[in-house]
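1. The following comprises the amino acid sequence and a computationally predicted model.
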Amino acid sequence: MASPLLEPIRASDWDRRKARHLLNRAGFGLTHDRLDRITAMSPAAAVDYFVDFEAQPEPGDAPDFLIPPLSREELRRRYANATEEERRKARNEYQQQERVAIQRLKAWWLHRMFTTERPLQEKLALFWHGHFATSAQKVKSSWHTHQLNDVFRRNAAGNFKRLTFAVGQSPSMLRYLDNVQSTKKHPNENWARELMELFTMGKGNYTEDDIKNSARAFTGWSADHEKFVYREDYHDIGEKVFLGRRGDFDGWDIVDIIFEQPATSQFMAKKLWTYFAYENPEPELVDELANTLRQNNFELRPMLRQMFMAQAFYSDKAVAQQIKSPVQTVLQLASDLDYDSPPFSAMAQAAQRLGQDIFFPPNVKGWDGGRAWINANTLLVRYNLPGFLVTAKLKKEDLEMMAYLGQAGLMSQNGEPSTAPQSMMSMTSEADAGSAQPQWNAQTFFASMKYATPNDCVSQLENRFLSTPLSADQRAVLIRSLGVDGDPAAPLGDKPIPQRFLFATLHLLLSTAEYQLC
Amino acid sequence: MSFSITRRSFLKSAALFSSMGLAPAFLTRTAEGQAPAIEGFNDGRVLVVLQLGGGNDGLNTVVPYTNDDYYRARPQLGIKKDQALRLTDDLGLNMNLEGFKSLYDDGKAAVIQGVGYPNPDRSHFRSMEIWHTASDSDRYLGTGWIGRYFDNCCSGSARPQVGVALGSERPQAFDGDKGLGVAFDNPENFGWRPGKFTDTSENFAQLNRHPAPAGSTLDFLRHTTSNAIMSSAEVKEAADRAGLDNQAVGRKNGEAAFRTVAGLIRGGLQTRIYYVAAGGFDTHANQLGTHDNLLKRVGDGLRSFQQQLEEDGTADRVLTMVFSEFGRRVEQNASGGTDHGTAAPMFLVGNAVKAGVHGATPSLADLDDGDLKHTVDFRNVYAGVLKHWLGVDPQPVLGQPFDAMQVV
């Protein structure tokens, strides 16, 4: 029997709040003019707009700064006559170039998320990046990092099984989980284990022996300098026992068998619902979504459509109950404050400071998300970041602070220096030189707001920035911070609110728990 | 272990460093008098954990300089016999650990040999997770050993600043049911910064004081906000009392973080456990120069930290423990480095330390697939620190009975 939770939402229930919710979750909440457009649609048309994203134009800005990997032969040829010192120098230079390229790739991706007409495609790419996590810290290649990012984008709402194959055969994953060196003599269990534990079935649905046997099956899945290769001489052709089946399985067989397990559709349905809607979903809801996924041979679109249409997706359990991810926080902040072209590398570093360093997930589990985004420090950074944007016209000290904000995580989890703050530093000096550093134009922002009374002013700010309403007490604090004596319902007339009070109030509004939710 | 700061903030901090030494000793006593005691913290004992991220090469840190197998396995990388700083008849310290050696000679440092755990995991994150959660290598625990210490042994304290990690992330070791412990890079930047046009701090506190339904996400955020407000205020006060008001001190960089920790202890912050991380120890290639620099920073950092504590009169209260998630393989590899290995030495520093070499040095003739076999389980060291230094029963913290090593 169908769960009422997955009954489609009625057209008569569609309103601005629900449209905003869809915008926040199926995209990054970037309003521009989208909110009006989506509110005016029927719910089914709105969901189609997101899910059938290929109808929208593709942003065509492929990165042109990636460093193509060199073949072993090419490397040998280049350094045949080099001294050890020269090789070391070349290697250091190369690594430095790679670090810069990865930093640029972060900015490139944020730019894409910010400007795309296909928000769900990028939101899913970010999901897959956290799901099939690989870190550039180990992979050390901008080329392979982008290659996998592109796999996520091209398969974002496609077929999950096909995506799993593509990831398993990407040089980035092959290197990250060490399958490149997996031979019949020394099978490496890293990929085999995570494939089952984190990527498809979840813990408890297989044994240590299943891991050992499937690791043998994946021997030979390797990579040359730029693509997947199957090394037949590495492969263990012996018989394996896997999830109760017996045969001389190879990697392709293992993936086939994994996708026959009910656990796989359950695991993915639950994880996707958690990412898009809410944590700890009802079991019957997961069952039904998993069913949809299986019946469609792991094509994701039917299930995604079902999710975004579901009444449960628009319930109080879902709306304004999710903690924005750091990426969502910085993108939404820039959009909320009407930046046309925010400083993307600074934003990438701010997101890092908030706990999400894209292309450098903390480990193969990706980011835990939810409440794990929040600790005393990251929360204060969340509150301070808009303060710098709102109250500063990006003066030198503020840029220094931005640079500082971007500097955390210089040491990543396993302790290597992970990123170079140079790009931020050069931005600082560019700004010093009076270059075209994008500035937030507060004048325009407040001029575009139409408010007649202090009450109106707070309501306008609240409507624009928050997905959840403030209490009367909180509104009173904000009205007080506008510096208006007397009746907050009285027209301001020819006594406009001084700008410094507007800024202070805006910063306060953005320094709330409410603003962390979407 | 490097970071860039702008020239200006560097100059600013340099100026402040020079004035830091002037912080009068009575300030320390005053601060201690002022700070209210929290339960179980009457003796004021502090544990400082230094994490060497990336897998420190134990064999080139504590060198078996009489062992031919060592030199056979490491023809280029081996530390020469006449360069090693002699600890015992067959063990010497890497020559870059001169700072640590002076502590050892003063009877304030211990080396624990061969520390690891059964069925070692050579993945950085998994191995680090094992050290943080103190789990068996085939088990996953949702809480960290320090978090469980807070949960079990800090009753009556709801103060998140009982644990302080210098850096942007709260270490997994701090995870517990009570969620105690905070992380920050720099006391100066750990706080809400009101706009520069009007003073809105009180408004900020009021906005975030508003009640929310118990257990809701909003409630969680408000709770974390009030923790942040409370801890940042206490941290700032302690930093101010200690004269730690510059921009550069708190960065995750090892030495700077140590200066911050010493300052916060001097300033009377009632923190039981500090966590400091230094990275870069993943030396797969060209290990020689890199590892030298890393060890020099560790050794010198420990020595100057201890000196600072002694100047401040707080040294008797502090124990420092140094670990890494694993050591390196015995044999050097083809690219002048070493690959992920297993057991490695730990260090302890402090006035109370039972100085000397503890544990058995793993054999170089009896290897496990090219790797050292551990002789001491790291949880025996944790148990020793918990029992003999922090004065608590290790079993509820570690979840299993482990003999407490006599390290202090």
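-> It's in.
2. Show me which residues of the stretch 101-250 of chain A sit near chain B.
-> A:Asn190 (Cβ under 8 Å from any Cβ of the partner chain). Just so you know, the C-beta spots here come from the backbone N, C-alpha and C atoms, and that holds for glycine as well.
3. in the stretch 101-250 of chain A, which spans are strands?
-> In the stretch 101-250 of chain A, the strands defined using DSSP state E, counting those that start in this stretch lie at A:221-223, A:228-230, A:240-242, A:245-247.
4. Which residues does the first one contact?
-> Where contact means Cβ atoms under 8 Å, 6 or more residues apart in numbering or on different chains, the residues beyond strand A:221-223 that reach it are A:168-169, A:171, A:174-175, A:179-182, A:191, A:228-231, A:234, A:251.
5. still on that earlier bit, and the strands of the stretch 101-250 of chain A as a markdown table, adding mean neighbour count?
-> Shown next, in a markdown table, are these (neighbours: other Cβ atoms under 10 Å in any protein chain shown):
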| stretch | mean neighbour count |
| --- | --- |
| strand A:221-223 | 21 |
| strand A:228-230 | 16 |
| strand A:240-242 | 20 |
| strand A:245-247 | 12 |
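6. In JSON lines: the ones you listed, plus mean pLDDT and distance to B:Val115.
-> Output for the strands of the stretch 101-250 of chain A, formatted as JSON lines (pLDDT from 0 to 100; distance: least, Cβ to Cβ, whole Å):
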{"stretch": "strand A:221-223", "mean pLDDT": "93", "distance to B:Val115": "35"}
{"stretch": "strand A:228-230", "mean pLDDT": "94", "distance to B:Val115": "40"}
{"stretch": "strand A:240-242", "mean pLDDT": "97", "distance to B:Val115": "37"}
{"stretch": "strand A:245-247", "mean pLDDT": "97", "distance to B:Val115": "42"}
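7. okay if I get those as TSV plus distance to A:Asn149?
-> Output for the strands of the stretch 101-250 of chain A, formatted as TSV (distance: least, Cβ to Cβ, whole Å):
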stretch	distance to A:Asn149
strand A:221-223	16
strand A:228-230	16
strand A:240-242	31
strand A:245-247	34
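8. Which among the ones you listed is found nearest to B:Ser102?
-> Distance to B:Ser102, taken as Cβ to Cβ, is lowest for strand A:221-223 among the strands of the stretch 101-250 of chain A, at 48.7 Å.
9. and the longest helix for chain A?
-> The longest helix of chain A (DSSP state H) is helix A:84-115.
10. And the contacts of strand A:221-223, which of them are buried?
-> A:168-169, A:171, A:174-175, A:179-180, A:182, A:191, A:228-229, A:234, A:251 (16 or more other Cβ atoms under 10 Å in any protein chain shown).
11. before we move on, the earlier item: with respect to A:Asn149, which of the contacts of strand A:221-223 is nearest?
-> A:Pro171 (12.7 Å).
12. who's in contact with the closest one?
-> Going by Cβ under 8 Å, 6+ apart, the list of residues near A:Pro171 reads A:Pro69, A:Val139, A:Ser141, A:His144, A:Gln147, A:Val180, A:Ala223, A:Glu226, A:Lys227, A:Phe228.
13. Pass me the low-pLDDT residue ranges in the chain, would you?
-> You didn't say which chain, so I picked chain A. Under the criterion pLDDT under 70, the flagged ranges of chain A are A:1, A:32, A:391-443.
14. my bad, chain B
-> Along chain B, the model assigns pLDDT under 70 to residues B:1-42, B:156, B:195-198, B:245-254, B:285, B:334-335.
15. Pick out the residue of it closest to chain A.
-> Nearest residue of chain B to chain A: B:Gly53, at 1.9 Å (Cβ to the nearest Cβ).
16. sorry, back to before: name the helices or strands packed onto the longest helix of chain A?
-> Applying 3 or more Cβ pairs under 8 Å, 6 or more residues apart in numbering or on different chains; DSSP states H and E, one finds that helix A:84-115 contacts helix A:119-131, helix A:142-154, helix A:326-336, helix A:344-353, helix A:422-432.
17. try it again with 7 Å
-> With contacts defined as 3 or more Cβ pairs under 7 Å, 6 or more residues apart in numbering or on different chains; DSSP states H and E, the packing partners of helix A:84-115 are helix A:142-154, helix A:326-336, helix A:344-353.
18. Show me which residues of that helix are buried.
-> Neighbour counts over helix A:84-115 (16+ other Cβ under 10 Å) mark A:98-114 as buried.
19. residues contacting the residue nearest to A:His131 when sequence neighbours are not counted?
-> Computed as Cβ to Cβ, 6 or more residues apart in numbering or on different chains, the closest residue to A:His131 that is not its neighbour in sequence is A:Gly366, at 6.1 Å. A:Gly366 makes contacts with A:Gly130, A:His131, A:Ala133, as judged by Cβ atoms under 7 Å, 6 or more residues apart in numbering or on different chains.
20. Could you dump those into TSV with neighbour count added?
-> Below are these laid out as TSV (neighbours: other Cβ under 10 Å):
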residue	neighbour count
A:Gly130	18
A:His131	20
A:Ala133	22
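21. tell me the angle of the longest helix of chain A relative to helix A:344-353?
-> Angle between the axes of helix A:84-115 and helix A:344-353 is 90 degrees (criterion: axes from the mean of the first three to the mean of the last three Cα atoms, to 10 degrees).
22. how far does helix A:84-115 sit from the chain's center?
-> From the chain centre to the centre of helix A:84-115 is a distance of 20 Å (Cα atoms, centre = their mean, to the nearest Å).
23. likewise stretch B:102-122?
-> 14 Å.
24. same check, this time on stretch A:502-518
-> Taking Cα atoms, centre = their mean, one finds the center of stretch A:502-518 at 23 Å from the center of the full chain.
25. who touches it?
-> A:24, A:29, A:320-324, A:328, A:382-383, A:386-387, A:390-391, A:442, A:446, A:461, A:465-468, A:470, A:478, A:481-482, B:192, B:195, B:197-198, B:200, B:203-204, B:207-208, B:217-218, B:221-222, B:225.
26. Span of that stretch from start to end?
-> 24 Å (Cα to Cα, to the nearest Å).
27. which residue is nearest the middle of chain A?
-> Among the residues of chain A, the one closest to the centroid is A:Leu126, at 3.4 Å (Cα atoms, centre = their mean).
28. where does that residue sit relative to chain B, distance-wise?
-> 20 Å (Cβ to the nearest Cβ, to the nearest Å).
29. What separation is there between the nearest residue to B:Val392 once chain neighbours are set aside and B:Gly337?
-> Once flanking residues are discounted, B:Val392 sits nearest to B:Cys153: 4.5 Å by Cβ to Cβ, 6+ apart. Here the criterion is Cβ to Cβ, to the nearest Å. By it, B:Cys153 lies 41 Å from B:Gly337.
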